[in-house]
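S.K.: Predicted coordinates and the sequence they were generated for:
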Amino acid sequence: MRNKARILGVAGGLMLTVSAAAWARITPEEAAQLGLTGTPLTPVGAERAGNADGSIPEWTGGIQQPPANFTPGGPWVDPFPDDKPLFTITAQNYAQYQDKLTPGQVAMFKQYPDSFRMHVYPTRRSASFPDWVYEATRKQALNAELCPGWENGAVCLQNHVDGGGYPFPIPKNAFEVGWNHYLAYQGQAIEGMMNAPLIDSLGNRVDVIMEQWQSWMWWVPKAERPASDWFHRSGGPLLCDAFQVKQPPRQSGLIGGGCNFAQEFDFQSYLYVPGQRRVRKAPEIGFQDSPSFGSDGQRTVSSRWQWWFAGKESRHDLKLNGKKELFVPYNAYALADPGKRPADLFGKKHVNQDLIRYELHRVWEVEATLKSGQRHLYKRIVAHIDEDTWHGMGHEAYDARDRLWRMGEGYVLNLYDSRSHLIWGDQLVDLVNGRYTTFFGWYGNLGMGQPKVGLLKDSNIDAEIFTPQGMRKFGTR
């Protein structure tokens, strides 16, 4: 397990079959491979070196300082304003780049040859994190383990320590990649107005506008969490998430929220229904293939962040296919320009491709195949996870006949003032019915100000909104 090829995790069937010993915490010798300089791996486990032809450069620390024209509290301006596309991939020439394209991208070229295109820019390994994230990752990696039963799909962490960190920077199986992906650092707290537009097959758009309060409690030390037992149970909270619908009018005032936990991964979620003035348990929010809230049934909970476990036990067998070099969305600063409003962002068939920057990056590929005897809308899901940030770059979902049904992309940028990585927005295109949806995001494109991202102690979040006892006081009829 300690030989260099396995530590680096290069493509090619990385530990697809693992022994019981392979899910233990990493050793001190393995941890020595992680570091800011002079080590084969970055502090969060990516390969430091570039690729053979130099089209992927060496990681040298990522963005270290905000651009000179950035104003704290203002929009995140593009740190690479002088970059120009190296080339553009279209329906006419995609075949020559097909080894660097996802199946979903290929399908989009075939289905929308007149509008789908990919502008490929120089690769910028812009990922960077606060020093305390690096330190927490090393500490966490020496302690955290998958709970017994993970081989059969149990989603649970044990022996983890306080204060966050990527638990498996040197992953040995798909579940460990999944945990890193789910816990990808987005700051400790996010608050702001967001949009989740729905676009029908004719190109008509309905904006679903919500106010969001979110805390990645995994990254919050125990001493800084609220005192309530709710935030100290079941191995500690991972994500606490809440929202209040502003429009469309028929859903205005609805509040949803809750948390999930290291040893109770299914979301403990609740809804405040304004017409009833009651808080109700909403177990379906954490259920495997239940419809994602506000998506008009066009996406499942498991498609959030381009793929996640979405339940306490996976209904799929997970396989790690190693790494691939793919053209993926990256450094999505053009999409985050507050001058771009919904009409600029959302085309009739997909997000405006002229605003998306693609780069060549190494990504982990996780393949999930439905277990015999289990039920799920998707027979198979293939997810592409960035090695530098652990965020989801995209995924493909296949139906019961193993036909490509939906393809997704996630648009991530480095918030260089806090060195966190926010999913600014995403899209999920239904290749069968011609509709597409987006999920909670597009924060600064409504003319309602920028989101606030940072540490929980510096936020304005009242954590009671994440609890069933505290949710009702936030409701208005």
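M.R.: Now that the structure is in, tell me what you want to look at.
S.K.: and the residue of the chain positioned farthest from its centre, what pLDDT?
M.R.: For the chain, the C-alpha farthest from the mean C-alpha position belongs to Gln276; by C-alpha atoms, centre = their mean, that distance is 33.7 Å. Gln276 carries a pLDDT value of 76.
S.K.: For it, which residues are in contact?
M.R.: For Gln276, no contacting residues are found, by C-beta atoms under 8 Å, 6 or more residues apart in numbering. Every residue, glycine included, has its C-beta placed from N, CA and C.
S.K.: what does Thr467 give?
M.R.: Residues in contact with Thr467 (C-beta under 8 Å, 6+ apart) are 228, 230.
S.K.: For the residue positioned nearest the centre of the chain, which non-adjacent residue is closest in space?
M.R.: The centroid of the chain falls nearest to Trp305 when counting by C-alpha atoms, centre = their mean (3.4 Å). Nearest non-adjacent residue to Trp305, counting by C-beta to C-beta, 6 or more residues apart in numbering: Gly392, 4.9 Å away.
S.K.: got it, and Ala91?
M.R.: Spatially, and ignoring its direct neighbours in sequence, Ala91 is nearest to Pro113 (3.4 Å; C-beta to C-beta, 6+ apart).
S.K.: can you count the residues close to that neighbour?
M.R.: For Pro113, the count of nearby residues is 13 (other C-beta atoms under 10 Å).
S.K.: In this structure it contacts Asn93, no?
M.R.: No - at 11.3 Å, Pro113 and Asn93 do not qualify as touching, with contact defined as C-beta atoms under 8 Å.
S.K.: quick one on the thing from earlier: roughly how far apart are the residue nearest to Ala91 and Glu409?
M.R.: 18 Å (C-beta to C-beta, to the nearest Å).
S.K.: What are the buried residues along stretch 72-86?
M.R.: Going by neighbour count (16 or more other C-beta atoms under 10 Å), the buried part of stretch 72-86 is 76-79.
S.K.: quick one: low-confidence ranges for the stretch 301-450 of the chain?
M.R.: Within the stretch 301-450 of the chain, no range satisfies pLDDT under 70.
S.K.: Going along the chain, name the helices of it.
M.R.: For the stretch 301-450 of the chain, the helices defined by DSSP state H, counting those that start in this stretch cover 342-345.
S.K.: How about the stretch 1-150 of the chain?
M.R.: Using DSSP H, counting those that start in this stretch, helices in the stretch 1-150 of the chain cover 4-8, 28-31, 103-111, 131-141.
S.K.: export those helices to TSV and tack on mean neighbour count and distance to Thr300?
M.R.: Output for the helices of the stretch 1-150 of the chain, formatted as TSV (neighbours: other C-beta atoms under 10 Å; distance: least, C-beta to C-beta, whole Å):
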stretch	mean neighbour count	distance to Thr300
helix 4-8	14	33
helix 28-31	14	35
helix 103-111	19	16
helix 131-141	19	29
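S.K.: And the ones you listed: which comes nearest Gly297?
M.R.: Of all these, helix 103-111 sits nearest to Gly297, with 20.3 Å by C-beta to C-beta.
S.K.: Export only the CA atoms of that closest one, formatted as PDB.
M.R.: The C-alpha atoms that make up helix 103-111 are tabulated as PDB, following Å, rounded to 0.1, in the frame of the first residue of the first chain:
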ATOM      1  CA  PRO A 103     -19.500  11.200 -22.200                       C
ATOM      2  CA  GLY A 104     -21.900  13.900 -21.100                       C
ATOM      3  CA  GLN A 105     -20.000  16.600 -23.100                       C
ATOM      4  CA  VAL A 106     -19.900  14.300 -26.200                       C
ATOM      5  CA  ALA A 107     -23.600  13.800 -25.900                       C
ATOM      6  CA  MET A 108     -24.200  17.600 -25.700                       C
ATOM      7  CA  PHE A 109     -22.200  18.100 -28.900                       C
ATOM      8  CA  LYS A 110     -24.400  15.600 -30.600                       C
ATOM      9  CA  GLN A 111     -27.700  16.900 -29.200                       C
END
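S.K.: got the contact list for it?
M.R.: 89-91, 94, 98, 116, 118, 327, 350, 382, 394-396, 404, 407-409, 429, 431.
S.K.: Can you flag which of these belong to strands?
M.R.: 89, 118, 327, 382, 394-396, 404, 407-409, 429 (DSSP state E).
S.K.: and which of the residues you listed is nearest Asn173?
M.R.: Nearest member of those to Asn173, counting by C-beta to C-beta, is Val382, at 16.2 Å.
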